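Q: based on what follows, work out the 3D shape:
(4 chains)
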Number of protein chains: 2
Amino acid sequence: MSDERWLDKREALAWRGMIGVLPRLTAVLERQLVQDAGLSAAEYTLLVPLSEAPDGVLRARDLGRTVSWERSRISHQVIRMEKRGLVVREECGEDARGSMVRLTDTGRTAIVAAAPAHVAAVRRYFIGALTDAELDVIGPALARVLDRLPDDDG
Amino acid sequence: MSDERWLDKREALAWRGMIGVLPRLTAVLERQLVQDAGLSAAEYTLLVPLSEAPDGVLRARDLGRTVSWERSRISHQVIRMEKRGLVVREECGEDARGSMVRLTDTGRTAIVAAAPAHVAAVRRYFIGALTDAELDVIGPALARVLDRLPDDDG
DNA sequence: CGAGTTATGTTGACGCGTCAACATAACTGG
DNA sequence: CCAGTTATGTTGACGCGTCAACATAACTCG
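A: Numbering: from 1, shown residues only, chains lettered A, B, ... in the order given. Predicted coordinates:
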């Protein structure tokens, strides 16, 4: 998406910034992740909450809520990660429908190894390019955009 | 990607804003596009420059440069769009390697029908949530982030 | 001219994400 | 308890995006 007809100059600049920067920024970060730690962005996203959970176990439902992913996305991704040995799936005692996702030693090793360089890259390519004043404006502004987004169904 | 360890509160807020808002925002916009005009975001992205080109024709190479897509991405997408009847591919007279992409009547009808509602949605969900002062900060700030991103190869 | 390099585009494999359909379990209200 | 509803997860199809390999054409320079 790159159309900016009927947006004035200031509006177009901000919009093009969002649309133009984020894909490139995430591409750079993912590349760093893949090369330095052998993890994709999707894998990293799930490994973070798992590594912070007690015993490295989360129910699929809760994992999905934590990262704001829908069920089938979690399911597909967990299956891919299980094939790679980063997690294992287990039955859920309390709810026979449920699926528990457990971090393996391989997965924990991977996320522990990946995190510092990833955070450093975020700081280097995003935070580091902005002033404190800009950070103070951007954070609340984007939170407000999120607030006004329709709620998935509407 | 959602890790924010070692980022302070202000930094994390801005970073989470970027990572959290853009996927949802683009999802909302794409949904509007699909429902109202039957176009995907990728299709829309290519149709805009094609509709603005003389005779609705661009060489694949130039189309790719315009939207900052690599060759294979253009190739795959143009093939999908040709199957849908939005464009046709033609040989390039000046350069036997080249591939010309031509907007069909169907494609032009689609983009003309899609654009107003799409721009309105951008205004509604992004521009409309921000103050003028915020737009003035965000545009140049993101442009600076883009400037400091490594140049694809490095 | 001709060998080596660069530019352009296609292809196939694979990971990712969404959607709709499905299966099953849990909950709810009579 | 039971019928209807809701919650959870899986599956298959398909579009999207990247990567590496490939084919071909154009360019460069001795």
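Q: please report how far the residue nearest the centre of chain A lies from DNA strand C.
A: Nearest to the mean C-alpha position of chain A, by C-alpha atoms, centre = their mean, lies residue A:45 at 4.2 Å. According to C-beta to the nearest atom of the strand, to the nearest Å, residue A:45 and DNA strand C sit 8 Å apart. For every residue, glycine as well, the C-beta is placed using N, CA and C.
Q: how far away is that residue from residue A:58?
A: For residue A:45, the distance to residue A:58 (C-beta to C-beta, to the nearest Å) stands at 13 Å.
Q: overlap in contacts, the two.
A: Shared contacts of residue A:45 and residue A:58 (C-beta atoms under 8 Å, 6 or more residues apart in numbering or on different chains): none.
Q: which parts of chain A are strands?
A: Along chain A, the segments classed as strands by DSSP state E run A:57-59, A:87-91, A:99-103.
Q: please identify the most buried of the ones you listed.
A: strand A:99-103 (a mean of 21; mean count of other C-beta atoms under 10 Å in any protein chain shown).
Q: residue A:58 pairs with what?
A: Beta bridges link residue A:58 to residue A:101, judged by DSSP bridges.
Q: so who does it touch?
A: Per C-beta under 8 Å, 6+ apart, neighbours of residue A:58: A:49-50, A:66, A:100-101.
Q: my read: the residue nearest to the centre of chain A touches residue A:68, true?
A: No: at 9.9 Å, residue A:45 and residue A:68 do not qualify as touching, with contact defined as C-beta atoms under 8 Å.
Q: residue A:146 touches residue B:17, doesn't it?
A: Yes: at 7.3 Å, residue A:146 counts as touching residue B:17 under the criterion of C-beta under 8 Å.
Q: ok, back up a step: which one, of the strands of chain A, ends up nearest to residue B:96?
A: strand A:87-91 (50.6 Å; C-beta to C-beta).
Q: quick one: that closest one near DNA strand C?
A: No: on the criterion C-beta under 7 Å from any atom of the strand, strand A:87-91 is out of touch with DNA strand C, staying 10.4 Å away.
Q: give the pairing partners of that strand; include direction for each.
A: Strand A:87-91 has the following strand partners under DSSP bridges: strand A:99-103 (antiparallel).
Q: wait, does the strand it pairs with contact DNA strand D?
A: Yes: judged by C-beta under 7 Å from any atom of the strand, strand A:99-103 comes into contact with DNA strand D at residue A:99.
Q: what about that strand and DNA strand C, touching?
A: No: Strand A:99-103 stays clear of DNA strand C (C-beta under 7 Å from any atom of the strand), getting no nearer than 11.2 Å.
Q: how long is stretch A:80-97 from one end to the other?
A: End-to-end span of stretch A:80-97 (C-alpha to C-alpha, to the nearest Å): 20 Å.
Q: contact partners of it?
A: Taking C-beta under 8 Å, 6+ apart as the rule, stretch A:80-97 contacts A:43, A:46-47, A:50, A:57, A:59, A:78, A:98-104, A:106-107, A:110.
Q: contacts only, for residue A:116.
A: By C-beta under 8 Å, 6+ apart, the contact list for residue A:116 reads residue B:6.
Q: now the angle from the longest helix along chain A to helix B:9-37?
A: Secondary structure of chain A per DSSP state H: the longest helix is helix A:9-37. Interaxial angle of helix A:9-37 relative to helix B:9-37 (axes from the mean of the first three to the mean of the last three C-alpha atoms, to 10 degrees): 110 degrees.
Q: mean confidence score for helix A:9-37?
A: What helix A:9-37 shows for mean pLDDT is 94.
Q: buried residues in it?
A: Using 16 or more other C-beta atoms under 10 Å in any protein chain shown as the test for burial, helix A:9-37 gives A:11-22, A:24-26, A:28-30, A:32-33, A:37.
Q: thanks a lot, see you next time.
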